[in-house]
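Novice: Take a look and give me a structure for this.
(2 chains)
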Amino acid sequence: MKKKSILMIAMMAFGMTMSAAELTVVSTEKIGLSEEAHHPTLSPNGDVVLFTKPDYKGLKSLNLVTNEVKVIDESVGAGFEPVFSADGKEITFKTEVIVDGLGQRDVKNYNFETENKNQIIKPSRKNFDTRALVNKTYASTKADKQSISVSIDGRVQEINPIIDGHRYIWSSLSPSKGKLLFNEIYSGLFVSELDGSKAQHLAMRADFPCWAGDNFIIALKTKDDGYVVTSAKIIAINVATKEVIELTNDDILVAGVTATADKIVYTTEEGEMYLMNIKITE
Amino acid sequence: MKKIALIIMMAFAVCLTVEAKKMSDLNIVIDPGHGGYEGDDRGMNIWPYCAVVKESMWESKSNLWKALHLESILDSLGTKITLTRRHNEYTDDETDDQPTEPSLYTRAQLANSLAADAFISIHSNAGEGVNYPLEIYHLETSMVARSEESVRLSEVVKEVFNTSKYSNWINSKGQVDFENAGRVTGDRSLLGYSLGVLRNCNRTSMLSEGGMHEHRPQAHRLMNQDYCWLEAWYFAKALMIFFDTEDRFVTGNIAGVIYDDHNIRNWEYTGEFARHTMLGRDKFMPVNGAYVELVDASGNVLQTRTTDTEYNGVYVFRNVTPGTYTVRVSHNNYYTSEKQVTVIADEVSYEDMPVVYKREAPLAVVKYSPAPVEGEKVSCAASIDLEFNWDVDVDAFEKAFSIEPAVDGYFTYQKSFRIVSFVPNIGLTKNTNYTVKIDKSACTTDTIYSHPQMEEDFVLSFTTQDRERIAITDQYPQEGGTVHIKAPTLEFRFDRTLNGGTVPTSTTVAVYDSSNNKLSFKSRTGIKTNTFAGGFGNLVLTMASDLNAGEEYRVVLSGGGVIRDADGLPLVEDYEVKFTATDESANATGDLLEGFNDASLFAYNVDETVGSSTTTPKYIKNTTDKLFDTACGKFTYAFASNRDGVIVWDYVGTEEKQVVKGDKLGFYVYGDFNNHELYVGVTSGTDLKYEKICDLNFRGWKYFEVQMNSLELSETVPYYVLSKIKLVQVTSPITQTGGFSLDNMMQDSSAGIDDVVADVESEIKIYPNPASDIINVQSPAEINTLEIINIRGVKVAEANNTSSIAVDNLHQGVYFVKVKTAQGESTHRIAISR
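Specialist: Next comes the predicted model:
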């Protein structure tokens, strides 16, 4: 059994009252990994975090309870947007090979309990939507990123909440499946009804947005000079009030973030990983 | 057998995957770098806008233009193309109403989520002085590229861009340098950090700096849509090559610059707006509003362009069927010009079009200098300046120019050869009659115009003034002089203040040590010039470090005209001064009489002062310039005029400083190089005596000794006391204001003993001197009485009929021994030390 080595670097405790909901940071810890970790993805229950390399090559998991690290795949692209099953027992991800200068992608499935890994779709030029392959209820941007697919128990609706000609990334459903979150690259971050109606603009710059419960969006607010990112702070956005609170400061350049209702995991440009325990009260 | 079958299957599989690709197979994401019109969007103050306004050059704008053109080209080829932004109306501040430009992470995420086959971030470079493309891929570590495909894409783009002749690839020497055109590099090796838009991108990706927009002609080109289209076309071609598609452009393009064949850009604009424009073809004035026609062999006009008003002269005929064509340029102010051009598929045929300006009037001098009025004489620093109505042909003009008597010099040209100056290398000779002639063979470069160029010779005569060079009127140090070692200040004075444009620098003024090492001057303030009343000037050099005691140094002012005065007259020859560094603080002898560590030692004596200005002379405690202990005493003054001034300060210290005849007083003086005379005054009752300490003809510390032999002591006047410091003005110094300091005034009484004894015709000897316990007196006559008298005249010890007397109970100091014998009495000074 690997030695658990979680380094406690700070104990911050501050509360944010946002309308009826309140998000409190309970603690922040540096996770003592022996390797760099980038682009984290938390499991639905928050026990497992997936991470990869800066270029998304390879995919590993860290069990935040046992501190056990597993190598899931070492292929190119394996770390880009892996998708957990709703029960968190499986993940689906793509890997990529370059054939004659063009990328071809397969789709793989990995079971944490059996540790079985299967290629479920063979390599092709298609850009598969892995979410559609895992769950019956999901939101996903289409391959051309010009519309969003929202599936509720298998009933798929293709929506374009803003106007034609836009590009959507980072779409997801709220944990209770009641709201749609998406980023339109020219207009910023929105939350809407599942059919795209009542789209509310939350922020212009909010990278890697994800849900922390149904009431908060966690994202990265970055500044740059056109060449380099000069500031990247984690923000919490109250969905109801649109109030934005910064959870980190400019002492650290955050490069990736993921969240659940009780924790935020983020990584830095240098590959350090941090666990921020949060408490949300209604 | 199984192995052979496997190999066959693998070969078959490879064959399946290497079938010809089409551009329609590709999925490309293009990122127009930056976005908006704010500080990080690289706006430029460019002619004719003369301000950073939206209409001027913005990298964010030209990046977008290129991207939109590329989108159009690739879309026509069936390529799936996505831009990370489609307009330029952004703000950097999220609190504003305008949208914020997409973040770098968002741009990369779009490419990743689209699984783009290639991601290209389009920029131009803010580099100066040179112009070449720079293609950048991401380095995962300082040495390792993330993707070999990204490196290869960068190399292909570089090779394609290198065929562009618009940017010329001009190096800082103005040379067109195709050998070193274009660079490929990793972001971390170039910048030391990763580019944000590449760091999170997992596609085959690069950031292209298509040219350097601080090279102003390139900035002007980036304001032209045709130019941006052509860069987009190069990107499309590079993608075809990189992905080895079966698609290739079946048409070609014709591109070039319409420019004046002789007039250069400073015809209309100079300074910042013309930065880096004096290089290669780009130095010539591009022609705005030129009408350019593409004519086929049958005389049909296929395409037309009118060059824009952004001073780039760019024209591009797009997508031209291969063949031979005529490009015809016309403009109201220029003669019509034509050239044959051959178009090749998938290539750009460059045809720059120099055109000839119509100069349809005779060449004439419209303004000239010198133009003295009757009897007026001309400065020897004058240049011969001629302004013409047209730009002159340089070769013809220089052959037509003559000056008598002959002068070595060179020509400069302004306003695109309309203003010509003949500049003497050193200067003109004083009191000389000169005649300048421009022979009528001078002409313009317009060979089409048939009228004679100059209708008659131009002749100019003048006489020069009586002064032809800078004179050094004073200096510190003098040749062979000494300078205190402490980071010294040197000074040269001139008969005229130096010219601000030729103020000496570390390349024209230097101080060398004995090993010929060039020493550094104090940062920022080490080389200063000043202007004084009457037009005089000086040069003050302050060294950055201390010198070595005993070492010889030399200071050199460069001649040859690199240093000039306000009239433009030169320092003709190198001026060198040798000096030796000394440690003045090691020179003192005797005992400390006054340390100058207190603020209230001297007070300005208004009654004895003559000619002071309204600025009251002061004495202050100064801790900055001190040589010893905690402080020195600084005396500041300001005379009302340049002559006959005397300023006196009274000693008001609480402790009386006694001085007697024969004392040697030592003074450490910090001079101001104003050449005034400095005196010390001592008083006994109403008797005041001054002794000159020094002339203040130096800077920094120097040690001086004054022998106080003029004092007249007696029983009633046993000593004098320090009472005055006096400054006597020397006529016509270049400034009436200054300040000097004193530190550690010394008193050497033993130095005077010999003198006293030598003055007295006596064979009496007293020893030891200095004494501590007992004094012995050797006398040829019998001694009756020995008396010890202190410096105030009080008898403090006496002994009768003895040749020795105890002094062990006396304080240290100067005393007098009065020896009484049957033959008389004599007084001798001794010192008692502890």
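Novice: In the sheet, which residues pair with the residue nearest to residue A:82 when sequence neighbours are not counted? Tell me.
Specialist: Once its chain neighbours are removed from consideration, residue A:82 has its nearest residue in residue A:93; the separation is 3.9 Å (Cβ to Cβ, 6 or more residues apart in numbering or on different chains). In short, each C-beta sits where N, CA and C put it, glycine included. Note on residue A:93: beta-bridge partners residue A:108, judged by DSSP bridges.
Novice: pLDDT at residue A:93, what is it?
Specialist: On pLDDT, residue A:93 comes in at 97.
Novice: isn't it right up against residue A:78?
Specialist: Yes - because the distance of 5.4 Å satisfies Cβ atoms under 8 Å, residue A:93 is recorded as touching residue A:78.
Novice: so what sits against both of these two?
Specialist: A:59, A:72, A:108 (Cβ atoms under 8 Å, 6 or more residues apart in numbering or on different chains).
Novice: Compute the number of surrounding residues for the second one.
Specialist: Spelled out, it's residue A:72. Using other Cβ atoms under 10 Å in any protein chain shown, residue A:72 has 21 neighbouring residues.
Novice: element containing it, please.
Specialist: When elements are defined using DSSP states H and E, residue A:72 is found to belong to strand A:69-73.
Novice: which ones are touching residue B:382?
Specialist: Applying Cβ under 8 Å, 6+ apart, one finds that residue B:382 lies in contact with B:369-370, B:428, B:462, B:464, B:568.
Novice: what's the spacing between it and chain A?
Specialist: 51 Å (Cβ to the nearest Cβ, to the nearest Å).
Novice: excluding its backbone neighbours, what's nearest residue B:611?
Specialist: Closest residue to residue B:611 in three dimensions, ignoring its sequence neighbours and counting by Cβ to Cβ, 6+ apart: residue B:645, at 3.2 Å.
Novice: Could you pull up the residues touching that neighbour?
Specialist: Residue B:645 is in contact with B:610-612, B:639, B:727-729, B:736, counting by Cβ under 8 Å, 6+ apart.
Novice: List just the nearest of those residues to chain A.
Specialist: Lowest distance from chain A to the contacts of residue B:645 (Cβ to the nearest Cβ) belongs to residue B:736, with 55.6 Å.
Novice: where does the closest one fall, phi/psi-wise?
Specialist: phi -90, psi 0 (degrees, to the nearest 10).
Novice: Could you report the pLDDT at it?
Specialist: Looking at residue B:736, its pLDDT stands at 89.
Novice: and the nearest residue to it once chain neighbours are set aside, what are its bridge partners?
Specialist: Nearest in space to residue B:736, with sequence neighbours left out and distances taken as Cβ to Cβ, 6+ apart, is residue B:639 at 4.0 Å. Applying DSSP bridges to residue B:639 gives these bridge partners: residue B:612.
Novice: now the one 10 residues further on
Specialist: With beta bridges defined as DSSP bridges, residue B:649 has these partners: residue B:604, residue B:725.
Novice: Now do the contacts for it.
Specialist: When contacts are counted by Cβ under 8 Å, 6+ apart, residue B:649 is found next to B:602-605, B:617, B:619, B:635, B:724-726.
Novice: Whichever of those end up buried, select them in PyMOL.
Specialist: Restricted to buried positions by 16 or more other Cβ atoms under 10 Å in any protein chain shown, the PyMOL selection for the contacts of residue B:649 reads:
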select buried, chain B and resi 602+604+605+617+619+635+724+725+726
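Novice: pLDDT added to the contacts of residue B:649, as TSV?
Specialist: Compiled in TSV, the contacts of residue B:649 are given as follows (pLDDT from 0 to 100):
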residue	pLDDT
B:602	97
B:603	97
B:604	97
B:605	97
B:617	96
B:619	97
B:635	97
B:724	97
B:725	98
B:726	98
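Novice: For residue 209, grab phi and psi.
Specialist: All of this is about chain A. Note on residue A:209: backbone dihedrals following degrees, to the nearest 10 are phi -70, psi 140.
Novice: please go with chain B instead
Specialist: Per-residue torsions, residue B:209: phi -100, psi 100 (degrees, to the nearest 10).
Novice: any idea how far it is from chain A?
Specialist: Relative to chain A, residue B:209 is positioned 10 Å away (Cβ to the nearest Cβ).
Novice: Make sure that residue is actually in contact with residue B:124.
Specialist: Yes - the pair residue B:209 and residue B:124 qualifies as a contact (Cβ under 8 Å) at a distance of 5.9 Å.
Novice: Packing partners of the host helix or strand of residue A:158?
Specialist: In this assignment (DSSP H and E), residue A:158 forms part of strand A:155-159. Helices and strands in packing contact with strand A:155-159 are listed as strand A:148-152; criterion 3 or more Cβ pairs under 8 Å, 6 or more residues apart in numbering or on different chains; DSSP states H and E.
Novice: Now do the same contact list for residue 161.
Specialist: I went with chain A, as the question did not name one. Taking Cβ under 8 Å, 6+ apart as the definition of contact, the neighbours of residue A:161 are A:148, A:180, A:182, A:184, A:190, A:192, A:196-197, A:199.
Novice: Chain B, not that one
Specialist: The neighbourhood of residue B:161, defined by Cβ under 8 Å, 6+ apart, consists of B:133, B:135, B:182, B:208, B:210, B:231, B:234, B:238.
Novice: same thing but 7 Å
Specialist: By Cβ atoms under 7 Å, 6 or more residues apart in numbering or on different chains, the contact list for residue B:161 reads B:133, B:182, B:210, B:234.
Novice: farthest pair in these?
Specialist: Longest distance between any two of the contacts of residue B:161 is 11.6 Å, between B:182 and B:234; criterion Cβ to Cβ.
Novice: Which strand or helix spans the most centrally placed residue in chain B?
Specialist: Nearest to the mean C-alpha position of chain B, by Cα atoms, centre = their mean, lies residue B:505 at 7.4 Å. Element membership of residue B:505, judged by DSSP H and E, is empty: it is in no helix or strand.
Novice: What lies in contact with stretch B:110-119?
Specialist: Among residues not part of stretch B:110-119, those counted as contacts by Cβ under 7 Å, 6+ apart are A:80, A:102-103, A:105, A:127, A:141, A:145, A:167, A:169, A:185, B:26-29, B:31, B:82, B:84, B:153, B:201-205, B:239.
Novice: just checking, which of those residues belong to helices?
Specialist: B:153, B:239 (DSSP state H).
Novice: Quick check: residue B:710 vs residue B:656, distance?
Specialist: Distance, residue B:710 to residue B:656, using Cβ to Cβ, to the nearest Å: 20 Å.
Novice: Also residue B:360?
Specialist: Spatial separation of residue B:360 from residue B:656 under the definition Cβ to Cβ is 96 Å.
Novice: And for residue B:152?
Specialist: Distance of residue B:152 to residue B:656, given as Cβ to Cβ: 94 Å.
Novice: quick one, which of these two is more surrounded?
Specialist: residue B:152 (17 against 12).
Novice: Would you map the helices across the chain?
Specialist: In the absence of a named chain, this looks at chain A. Read by DSSP H, chain A holds these helices, from start to end of the chain: A:130-134.
Novice: Sorry, I should have been clearer: chain B.
Specialist: Under DSSP H, chain B gives helices at B:2-17, B:59-76, B:104-113, B:148-161, B:187-191, B:196-199, B:216-221, B:225-242, B:394-400, B:750-759.
Novice: can you give me the angle the fourth one makes with helix B:225-242?
Specialist: Counting by axes from the mean of the first three to the mean of the last three Cα atoms, to 10 degrees, helix B:148-161 points 130 degrees away from the direction of helix B:225-242.
Novice: for helix B:148-161, what is the average pLDDT?
Specialist: When pLDDT is averaged along helix B:148-161, the result is 95.
Novice: out of everything not next to it in sequence, what's closest to residue A:104?
Specialist: With Cβ to Cβ, 6+ apart as the measure, residue A:123 is the residue that lies nearest to residue A:104, at 4.0 Å, once sequence neighbours are left out.
Novice: In contact with the residue of the stretch 251-400 of chain B found nearest chain A: list those residues for me.
Specialist: Among all residues of the stretch 251-400 of chain B, residue B:346 sits closest to chain A, at 19.2 Å; criterion: Cβ to the nearest Cβ. For residue B:346, the set of contacting residues under the criterion of Cβ under 7 Å, 6+ apart consists of B:237, B:248-249, B:252.
Novice: Appreciated, that's everything.
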